[in-house]
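Undergrad: Sharing a model that was predicted from the sequence below.
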Amino acid sequence: MSNLSTFVKRVRDIMRNDAGINGDAQRIEQIAWMLFLKVYDAKEQDWEFNEDDYESIIPENCRWCNWATDDHSGSAMTGDALLNFVNNTLFPTLKTLVVTPETPIKKSIVRTTFEDANQYMKDGVLLRQVINIIDELDLTDTEESHAFGEIYESILRELQSAGSSGEFYTPRAVTDFMVQMIKPQIGEKMADFACGTGGFITSWLKALAPQIKTTEDQKAYSESIYGIEKKQFPYMLCVTNMLLHDIDIPQVYHDNSLQRDVLDYTESDRTDVILMNPPYGGSEKADIKSHFPDDLASSETADLFMSVIMYRLKKTGRAAVILPDGFLFGTDNAKINIKKKLISEFNLHTIIRMPSSVFSPYTSITTNILFFDKSKPTETTWFYRLDMPEGYKHFSKTKPMKVEHFAPAIEWWNDRKEINEDGFDKAKQFTAKQLTEELNYNLDQCGYPHEEEEILAPMDLIQRYQEERASLNAEIDRVLAEITEKLGGVQL
């Protein structure tokens with residue numbers, strides 16, 4: 001393809017003229033299923049070359065090379081004929097492919113990718129034009145394939161401004177920083193139980209790649225990732241992402257990590273490293289709580305994922321997890337009990353406080369990165385506040401967070417010391433006893449000075465208010481219970 005940098009613009013310009021495409025989210029979803037089929041077709045060419053008995057799970061008439069590729073002979077489908085084929089043959093066929101427990105992952109992903117996929121375009125001529133642009137990609141060329149990987153990243157970044165789809169994208173600067181601090185090693189397996197489009201997995205693979213020296217290393221690299229994604233659209237994007245990163249058998253599953261009883265996990269379910277940005281502010285079906293012990297059952301998805309993480313981390317494992325402020329200051333029973341388990345059974349060694357607009361425009365809620373491992377109970381916890389870089393009032397789509405903005409945190413990480421600026425703690429170490437007995441599990445330390453806080457968007461403000469009200473009510477209940485006990489059980 002002559003100019004990869006114009007790929008997204010060319011496709012966008014065509015789709016703007018199609019009456020079936022309504023907004024950025026639909027446009028990206030439309031591109032996504034076509035890209036998946038194009039990338040999968042390139043992979044199948046490799047598998048057919050390398051495996052004597054390879055058979056595609058996709059019927060011949062539905063393989064990209066047999067219906068999408070235009071050989072310029074005038075026989076390529078377009079207009080109503082193309083629309084009819086895509087809507088009434090391609091999609092019904094791929095959604096109902098026969099998959100059994102014996103079906104290899106690299107084949108079964110086709111059905112799981114298309115189970116809930118959508119075809120929005122209504123103009124068959126415009127659809128043909130988009131398909132032709134995508135088909136120009138030469139994914140058999142290593143250099144062009146890698147270059148397209150960068151273009152794919154730009155498509156994923158656009159999710160940040162595509163309505164609610166933004167929840168699937170964690171800024172690459174954040175995932176790269178977390179992976180860098182975790183220090184991946186060949187032979188280890190990492191997991192993300194709400195993997196979205198695969199940002200953490202991609203950063204993990206990028207950091208692990210330079211360590212590949214042998215064929216055994218290559219095999220370990222390919223088997224080093226595990227992902228689960230509940231929503232179909234980001235799942236599709238993630239699988240495509242993995243294929244682009246030469247993971248031919250992506251262990252990424254379309255499932256809900258919260259639908260299994262955490263007490264049923266065995267050693268084989270545990271992993272060396274967990275990297276996550278759990279969904280927060282959302283809610284699950286009422287019966288989801290039944291999969292957790294009563295003291296850990298919460299209505300907040302981030303809390304539930306924290307429990308899953310703790311139950312699925314190996315004895316020698318380590319984790320880096322993004323959580324909102326509400327988890328740090330929350331004093332409702334579930335949050336307190338989760339933090340009790342975290343501090344008493346895990347080594348919560350570092351909490352990095354991040355600026356409020358890191359996830360803008362999706363949310364302005366302030367988030368934090370918790371680093372912990374299962375080497376021992378927590379003895380001390382370091383808190384470090386990462387301030388907004390000079391010249392920035394807040395991050396945005398046009399001025400996103402960059403890896404270099406983490407430089408002060410990395411410098412401090414390697415030479416830890418307490419820092420106080422203008423009377424406010426920027427970095428400080430707390431003992432487990434201070435956090436539990438003196439602060440009653442309030443991990444909201446080294447926060448941003450009030451005058452620097454950004455005004456929250458209305459829905460974020462409501463969420464923050466609800467979290468603070470729940471914590472205040474829990475604190476009142478705790479104090480009343482203590483008074484009641486001192487009065488000999490007299491009800492107040």
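TA: Perfect, thanks for sending it. As the structure is a computational prediction, the values presented were derived from the model and not from experiment. Residues are numbered from 1 along each chain as shown.

Undergrad: low pLDDT regions in the stretch 151-300 of the chain?
TA: 159-168, 282-283 (pLDDT under 70).

Undergrad: go with 90
TA: Residues of the stretch 151-300 of the chain meeting the criterion pLDDT under 90: 151-171, 197, 231-234, 237, 241, 244-246, 279-287, 298-300.

Undergrad: residue boundaries of the helices in it?
TA: All helices of the stretch 151-300 of the chain, identified by DSSP state H, counting those that start in this stretch, fall at 172-182, 199-208, 215-222, 232-244.

Undergrad: Let me know the angle separating the shortest one from helix 199-208.
TA: Okay, so that is helix 215-222. 160 degrees (axes from the mean of the first three to the mean of the last three CA atoms, to 10 degrees).

Undergrad: Can I get helix 215-222 in CSV, CA atoms only?
TA: Extracted in CSV, the C-alpha atoms of helix 215-222 (Å, rounded to 0.1, in the frame of the first residue of the first chain):
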residue,chain,number,x,y,z
THR,A,215,12.9,-21.5,19.4
GLU,A,216,11.9,-22.4,22.9
ASP,A,217,11.8,-18.7,23.8
GLN,A,218,9.6,-18.0,20.8
LYS,A,219,7.1,-20.7,21.9
ALA,A,220,7.1,-19.4,25.5
TYR,A,221,6.5,-15.9,24.1
SER,A,222,3.5,-17.0,22.0
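
Undergrad: between the helices of the stretch 151-300 of the chain, which gets nearest to Tyr40?
TA: Among the helices of the stretch 151-300 of the chain, the nearest to Tyr40 by CB to CB is helix 232-244 (6.5 Å). All C-beta atoms are positioned from the backbone trio N, CA, C, and that covers glycine.

Undergrad: What about the closest residue to Cys238 other than its chain neighbours, how many residues nearby?
TA: Residue nearest to Cys238 in three dimensions, not counting chain neighbours: Gly198, with 3.8 Å by CB to CB, 6 or more residues apart in numbering. Gly198 is flanked by 30 other residues according to other CB atoms under 10 Å.

Undergrad: contacting residues around Gly198?
TA: Counting by CB atoms under 8 Å, 6 or more residues apart in numbering, Gly198 touches 192, 227, 237-238, 241-242, 252.

Undergrad: between those, which is nearest Ile58?
TA: Once CB to CB is applied, the member of the contacts of Gly198 that ends up nearest Ile58 is Met242, at 18.1 Å.

Undergrad: residue contacts, the closest one?
TA: Residues in contact with Met242 (CB under 8 Å, 6+ apart) are 198, 201, 225, 250, 252.

Undergrad: Swap in 7 Å and give it another go.
TA: Counting by CB atoms under 7 Å, 6 or more residues apart in numbering, Met242 makes contact with 198, 250, 252.

Undergrad: Number of residues surrounding Pro278?
TA: Neighbourhood size, Pro278 [other CB under 10 Å]: 24.

Undergrad: so it touches Thr301, yeah?
TA: Yes. In this structure, Pro278 is within contact of Thr301 by CB atoms under 7 Å, at 6.4 Å.

Undergrad: which helices and strands sit right next to the host helix or strand of Ala25?
TA: Secondary structure assigned from DSSP states H and E places Ala25 in helix 24-50. When contacts are defined as 3 or more CB pairs under 7 Å, 6 or more residues apart in numbering; DSSP states H and E, helix 24-50 packs onto helix 7-15, helix 64-67, helix 105-114, helix 124-135, helix 232-244.

Undergrad: ok now it, how far from the chain's centre?
TA: Averaging C-alpha positions (CA atoms, centre = their mean, to the nearest Å) puts helix 24-50 20 Å from its chain's average.

Undergrad: Pull out the buried positions in that helix.
TA: Neighbour counts over helix 24-50 (16 or more other CB atoms under 10 Å) mark 24-44 as buried.

Undergrad: for stretch 128-144, same thing?
TA: Neighbour count says stretch 128-144 has 128-135, 137, 139 buried, by 16+ other CB under 10 Å.

Undergrad: Ok, stretch 403-418 next?
TA: For stretch 403-418, the neighbour count (16+ other CB under 10 Å) marks 405-406, 408-409, 412-413 as buried.

Undergrad: Stretch 296-306 too?
TA: Those would be 296-298, 300-306, for stretch 296-306 by 16+ other CB under 10 Å.

Undergrad: hmm, who's touching it?
TA: By CB under 7 Å, 6+ apart, the list of residues contacting stretch 296-306 from outside reads 193-194, 258, 276, 278-280, 282-284, 288-289, 292, 307, 323-324, 327, 334-335, 337-338.
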